[in-house]
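> no FASTA, just this:
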């Protein structure tokens, strides 16, 4: 089977697609799953998110330009959500880049949300679900390739290769080379442009949290496409 990395959302993955938005949507999703969140709905537009929250009664989290959006119950901060117990709850997550990436790959047979914090768990589940190919899809930042997402893809790719049975493409090898660089995962993540932006906004702790490889054992898996609903899964 093949293991590929898309440095920006592109093409049309047909088997297993893993959306990666390390800073911060997919890391926040992992934190919510770790806190007991049962269902997570990804919505790209703020008006649609507000309307869905009003009709469903779900919690509403997200951001625009890195900051919590007015009328939402909370932001897109994994550290913020790591402090709470969401046992059995449902939430909506609306962000700038990650939400749009989900919409672009939703035609795949299986869609997972992946990050550095749950890289081993995502790799296991992706390998279990795949029949021919796993595509790691980097969300990017405002349409540009983002070091943090390529790093996350490399961390997941390395775990998939370690499981055996997958041949990485050159793009996957590039991502793995980034992830295994001499500075280490945390230091590489901290050097990313988006990490500096978040630090200036006061979210430096989120960057540190996002670099903790394998600290979360749960994964969000797509189960519904209108809207995009994910359920929490703990791979065996």
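Looks like it came in fine. All of these numbers come straight from a predicted model, not from anything done at the bench. Residues are numbered from 1 along each chain as shown.

> how about the backbone phi and psi for residue 17?
Residue 17 has phi and psi values of phi -120, psi 130 when expressed as degrees, to the nearest 10.

> report pLDDT for it.
At residue 17 the predicted local confidence, pLDDT, stands at 98.

> pretty sure it is in contact with residue 113, am I right?
No - at 10.2 Å, residue 17 does not count as touching residue 113 under the criterion of CB atoms under 8 Å. Every C-beta, even on glycine, is put in place using the N, C-alpha and C of the backbone.

> do a quick rundown of the helices in this structure.
25-34, 46-56, 78-82, 98-105, 119-129, 147-163, 170-179, 185-190, 193-200, 204-210 (DSSP state H).

> out of those helices, indicate the one that is most buried.
For the helices of the chain, ranked by mean neighbour count under the definition mean count of other CB atoms under 10 Å, the leader is helix 25-34 at a mean of 30.

> what's the angle between that one and helix 119-129?
Using axes from the mean of the first three to the mean of the last three CA atoms, to 10 degrees, the direction of helix 25-34 lies 90 degrees away from that of helix 119-129.

> name all residues that make contact with residue 64.
Residue 64 is in contact with 46, 96, counting by CB atoms under 8 Å, 6 or more residues apart in numbering.

> excluding chain neighbours, what is closest to residue 221?
residue 233 (4.8 Å; CB to CB, 6 or more residues apart in numbering).

> how far does stretch 45-52 sit from its chain's centre?
Here the centre of mass of C-alpha atoms in stretch 45-52, compared against the chain's by CA atoms, centre = their mean, to the nearest Å, lies 20 Å away.

> equivalent analysis for stretch 43-63, please.
Relative to its parent chain, stretch 43-63 has a centroid offset of 19 Å by CA atoms, centre = their mean.

> ok, residues contacting that stretch?
Contacts of stretch 43-63 (CB under 8 Å, 6+ apart): 28, 32, 39, 41, 64, 68-69, 71-76, 81, 86, 89-96, 99-100, 102-103, 227-228.

> ok, the residue nearest to residue 221 to residue 48 distance?
When distance is defined by CB to CB, to the nearest Å, residue 233 is 25 Å away from residue 48.
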